[in-house]
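K.L.:
3D model of this:
(one chain, ligands or ions: 1)
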Amino acid sequence: MRDAPTQGALPFMKMHGLGNDFVIIDSRGRKAVTSPALARALGDRHRGVGFDQLAEIRDGEGSDIVLDFWNSDGSRAGACGNATRCVAAHVLAETGASEMTIRTTRGLLRGVVDGGQVWINMGQPQRAWDEIPLAGDVDPLHLPLPGDPVGVGMGNPHCVFFVDDAGAVDLAKAGPAIETDPLFPQATNVEFAQVRGPGDIRMRVWERGTGITLACGSGACATLVAARLRGLTGPHVRMELDGGWMELDWRDDGVWMTGPTAHVFTASLTPDFLGAL
Ligand SMILES: N[C@@H](CCC[C@H](N)C(=O)O)C(=O)O
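P.N.:
Numbers count the residues shown, from 1 in each chain. From the prediction side, this is the model:
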């Protein structure tokens, strides 16, 4: 028997993009509710719901919607490509529109339905050391770290290593040391990319504030940018992540990406859970 909806409960959606999973709270038309404490409690896979990122949809500010992102450790994420794809797919299905605008701390992003797929323009990459940001004026194309990685900002920092075999990388060992390296004053997401051809990349990721995830949209964009700037690929690639395939295209107006999304369920947080925060 289904429980009757409880008064004071907070509805949310669970969605994922290639296994990068999200709790999404729709706060349009009412006060925002997210906080570091809510993100940590909800992100607990044993006592909460569990997610890689929490996203809150708010009323638009010169845009169709505003989106805020949180990591499971309670920190803010300046960008989350896969959550942006999930929310855009949801809102575009709801409104029947073929395009929309999304304001994030990074700026105004665009979502467009093309060939039955939702594409997001994640904007132009940040390539200057102080925009990524790095701790000092070093060449982002050749960061002074073992392995000669590339630094790229997509509204959040990324450190991209090119490796011979991405599958062989011990993410749990390699990721945390780079995430917290002093070269990155706001810490960093870490990508290990194997270029298999001019339009084919295999990539695995360690995410700042979350750890190993099955996919990372902003990380995929940063990886394409790093590969293109190093002359390893063209501007259009298919990328295989642990959770599946994405397609990316670096155009004159920014880095576009697409891939599958899924709405898993809608449920409500109980007043008891919320009251214990
Ligand atoms: N999974 C996301 C990236 C999430 C943000 C990241 N952990 C950060 O703190 O920057 C994506 O799909 O882009």
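K.L.:
which bits of this protein sit near the ligand?
P.N.:
The chain comes close to the ligand at residues 20, 52-53, 71, 77, 79-82, 156, 189, 207-210, 213, 216-219, as judged by CB under 6 Å from any ligand atom. (Each C-beta comes from the backbone N, C-alpha and C, glycine too.)
K.L.:
identify the residues contacting stretch 51-66?
P.N.:
The list of residues contacting stretch 51-66 from outside it, by CB atoms under 8 Å, 6 or more residues apart in numbering, reads 14, 20-29, 32-34, 38-39, 42-43, 67-72, 77, 80, 82-83, 86-87, 91, 100-104, 108, 207, 210, 213.
K.L.:
buried ones among those?
P.N.:
14, 20-27, 34, 38-39, 42-43, 67-72, 77, 80, 82-83, 86-87, 91, 100, 102-104, 207, 210, 213 (16 or more other CB atoms under 10 Å).
K.L.:
ok, which stretches of the stretch 1-150 of the chain are helices?
P.N.:
Secondary structure of the stretch 1-150 of the chain (DSSP state H, counting those that start in this stretch): helices at 36-43, 81-95.
K.L.:
may I see those organised as CSV, with mean pLDDT added?
P.N.:
Formatted as CSV, the helices of the stretch 1-150 of the chain follow (pLDDT from 0 to 100):
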stretch, mean pLDDT
helix 36-43, 97
helix 81-95, 98
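K.L.:
TSV for those, including distance to residue 134?
P.N.:
Output for the helices of the stretch 1-150 of the chain, formatted as TSV (distance: least, CB to CB, whole Å):
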stretch	distance to residue 134
helix 36-43	25
helix 81-95	21
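K.L.:
relative to residue 239, which of those helices is closest?
P.N.:
helix 81-95 (11.6 Å; CB to CB).
K.L.:
what's in contact with that closest one?
P.N.:
13, 15-18, 20, 22, 24, 53, 55, 57, 64-65, 67, 69, 98-100, 102, 104, 109, 111, 113, 118, 120, 122, 154, 215-221, 257-259, 261, 263.
K.L.:
what about those, which are in strands?
P.N.:
13, 15-17, 20, 22, 24, 53, 55, 57, 65, 67, 69, 99-100, 102, 104, 109, 111, 113, 118, 120, 257-258, 263 (DSSP state E).
K.L.:
residue 151 against residue 158, yeah?
P.N.:
Yes - the pair residue 151 / residue 158 is scored as a contact, 7.2 Å apart, by CB atoms under 8 Å.
K.L.:
who has more neighbours, these two?
P.N.:
Legend: neighbour count by other CB atoms under 10 Å for residue 151 and residue 158, higher for residue 158 (31 against 28).
K.L.:
what are the bridge partners for that one, then?
P.N.:
Here residue 158 shows beta-bridge partners residue 152, residue 189, assigned using DSSP bridges.
K.L.:
ok, now residue 23?
P.N.:
With DSSP bridges as the rule, residue 23 is bridged to residue 14, residue 54.
K.L.:
break the chain down into its domains, please.
P.N.:
10-121+261-275, 140-257 (automatic domain parsing).
K.L.:
which among these is found nearest to residue 127?
P.N.:
domain 140-257 (6.0 Å).
K.L.:
measure the closest one end to end?
P.N.:
Taking CA to CA, to the nearest Å, domain 140-257 runs 23 Å from one end to the other.
K.L.:
can you give me how far that domain is from the chain middle?
P.N.:
Its chain's C-alpha centre and that of domain 140-257 lie 12 Å apart, by CA atoms, centre = their mean, to the nearest Å.
K.L.:
same check, this time on stretch 124-136
P.N.:
18 Å.
K.L.:
please apply the same query to stretch 65-85.
P.N.:
For stretch 65-85, the distance to the chain centre is 7 Å (CA atoms, centre = their mean).
K.L.:
what's the answer for stretch 93-100, then?
P.N.:
That offset, for stretch 93-100, works out to 21 Å (CA atoms, centre = their mean).
K.L.:
for stretch 68-86, same thing?
P.N.:
6 Å.
K.L.:
repeat for stretch 55-66
P.N.:
17 Å.
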